[in-house]
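I would like the atomic coordinates for the input below:
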Amino acid sequence: MRHVLIDAARERMSAKRGGGVRPIALDDADGIPDLDPENDQQLMAVGAALQRLEKLDTDLAKLVDCRFFVGLSERETGEVMGLSERTVRRRWLQARAWIHRELSAG
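Numbering: from 1, shown residues only. Okay, the predicted model is just below:
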């Protein structure tokens, strides 16, 4: 799902020739905030950060895919990944913090 959304955003951006990528805030208590479907730059920034995360921790990147791109709950993500809800919650906070640092640095 992530790749489909990122590819579509990339295609739209190539037609626009938009400006630079700007970071997004990750202050949402339930996870990464909803992205405006029209804001392809945000989606591209999250996708690029997730690619970097995937190189460091594939399981953490998969968790972000489940929660953010697929929209699974903590319980559903735990079932898919074979983790407890508590572990999913802890790893989700870790992923959000990592992505926030990556987006803030850019």
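
what about this protein, any weak spots by pLDDT?
Scanning the chain with the threshold set as pLDDT under 70 gives 4, 13-38, 106.

give me the longest helix you can find in it.
Secondary structure assigned by DSSP state H gives helix 85-105 as the longest helix of the chain.

can you give me the strands in the protein?
Applying DSSP state E to the chain gives no strands.

where do the helices sit along it?
Counting by DSSP H, the helices of the chain are 2-16, 40-56, 58-64, 74-81, 85-105.

what comes up buried for the longest one?
Put plainly, it is helix 85-105. 88, 91-92, 95-96, 98-100, 102-103 (16 or more other Cβ atoms under 10 Å). Where C-beta positions appear, they are placed from N, C-alpha and C, glycine not excepted.

tilt between it and helix 40-56?
120 degrees (axes from the mean of the first three to the mean of the last three Cα atoms, to 10 degrees).

which strands and helices lie in contact with helix 85-105?
If contacts are counted by 3 or more Cβ pairs under 8 Å, 6 or more residues apart in numbering; DSSP states H and E, helix 85-105 sits against helix 40-56, helix 58-64, helix 74-81.

and the second one, what does it pack onto?
Helices and strands touching helix 58-64, as assessed by 3+ Cβ pairs under 8 Å, 6+ apart, comprise helix 40-56, helix 74-81, helix 85-105.

off-centre distance for that helix?
9 Å (Cα atoms, centre = their mean, to the nearest Å).

contacts for that helix?
32, 50, 53-54, 77, 81, 88, 91-92, 94-95, 98-99 (Cβ atoms under 8 Å, 6 or more residues apart in numbering).
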